[in-house]
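Asks: no sequence on this one, just coordinates:
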Ligand SMILES: [Zn+2]
């Protein structure tokens, strides 16, 4: 039973300290960080697309007005030189305005290119992390499945063993085990208690030798239940 309990606490420890679980937690936090960054980059790019569409409209409306003025001048319907001169001035001023607006448009296009590149890089990174995360989650689930299967098996074996132990001895074992960090019973190995690792005094060895096989023996040092085996050195 002690062996089963020791195995169960090893399994619990393994489940609680699985390196893969730590790696999974790191991947999850990395993923959510990159996902947020990708979403933020996406918003920047979409704002720039809207800005670009507006800049294109601005350029187009100036171009349209300039075209109308030029058509009017070319039509020959205006004979007043003063009026023609004013129109000419306006066309020139519109050309400067168009050039300024085209600079703005170009600058937005460049920023949009940069934003799009950032979106691509971050989205690729995010997708790769999502893949890593799900692979690691599957690995953790598989290992946990193995641990739980073994745990169920060991628990069943322990229950089978416990059924064959007298109630008072079982109560004593549980009590000592609770008091001693999970180790309630220890073998005697070559005259030594495997619980506290101390050598049993010759007088104790004497009385252990004399004890009936079903007598419950305790280590005088650590109070654990002592188990006799052929390697006990008695
Ligand atoms: Zn001991």
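Replies: That came through, no problem. Everything quoted here is computed from the prediction, not taken from an experiment.
Asks: my read is residue 77 is in a helix, agree?
Replies: No: under the criterion used here (DSSP: H, G, I helix; E, B strand; the rest coil), residue 77 is coil, not part of a helix.
Asks: So which bits of the top strand by length along the chain are buried?
Replies: Of all the elements of type strand in the chain, the one with the most residues (DSSP state E) is strand 185-189. By 16 or more other CB atoms under 10 Å, the buried positions in strand 185-189 come out as 185-188. The C-beta positions use only the backbone N, C-alpha and C, and glycine is treated the same way.
Asks: Check stretch 202-213 too.
Replies: Per 16+ other CB under 10 Å, stretch 202-213 contains these buried residues: 204-205, 208.
Asks: Make a markdown table out of these and add distance to the ion, secondary structure and pLDDT.
Replies: Output for the buried residues of stretch 202-213, formatted as a markdown table (distance: CB to the ion, whole Å; DSSP: H, G, I helix; E, B strand; the rest coil; pLDDT from 0 to 100):
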| residue | distance to the ion | secondary structure | pLDDT |
| --- | --- | --- | --- |
| 204 | 10 | helix | 94 |
| 205 | 13 | helix | 94 |
| 208 | 12 | helix | 95 |
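Asks: nearest to residue 11, of these?
Replies: residue 208 (32.6 Å; CB to CB).
Asks: So which residues of this protein form strands?
Replies: Using DSSP E, strands in the chain cover 185-189, 192-193, 217-218, 225-227.
Asks: Domain ranges for this protein, per the record?
Replies: 2-163, 167-232 (automatic domain parsing).
Asks: mind checking the end-to-end distance for the shortest one?
Replies: Across domain 167-232, the straight-line distance between its terminal residues is 26 Å, by CA to CA, to the nearest Å.
Asks: ok, back up a step: closest to residue 227 among the buried residues of stretch 202-213?
Replies: Of those, the one sitting nearest to residue 227 (CB to CB) turns out to be residue 208, at 11.0 Å.
Asks: got the contact list for that closest one?
Replies: Residue 208 is in contact with 188, 200, 217, 226, 228, 234, counting by CB atoms under 8 Å, 6 or more residues apart in numbering.
Asks: what's the answer for residue 94, then?
Replies: By CB under 8 Å, 6+ apart, the neighbours of residue 94 are 62, 65-66, 69.
Asks: out of these, who's nearest the ion?
Replies: residue 62 (95.9 Å; CB to the ion).
Asks: how about the nearest residue to the closest one, chain neighbours excluded?
Replies: residue 98 (4.6 Å; CB to CB, 6 or more residues apart in numbering).
Asks: what's near enough to touch the closest residue to residue 88 other than its chain neighbours?
Replies: Setting aside the residues directly before and after it, residue 88 is nearest to residue 73 in space (CB to CB, 6+ apart), at 7.0 Å. Going by CB under 8 Å, 6+ apart, residue 73 touches 84, 87-88, 91.
Asks: how many other residues sit next to the nearest residue to residue 122 once chain neighbours are set aside?
Replies: Take residue 122 and drop its neighbours on the chain: the residue closest to it by CB to CB, 6+ apart is residue 38, 3.9 Å away. Here the count is done by other CB atoms under 10 Å, and residue 38 has 20 residues near it.
Asks: From residue 147, how far off is residue 38?
Replies: Distance of residue 38 to residue 147, given as CB to CB, to the nearest Å: 35 Å.
Asks: Please apply the same query to residue 191.
Replies: Counting by CB to CB - residue 191 and residue 147 are separated by 37 Å.
Asks: what does residue 9 give?
Replies: Plainly put, residue 9 is 12 Å away from residue 147 if you go by CB to CB.
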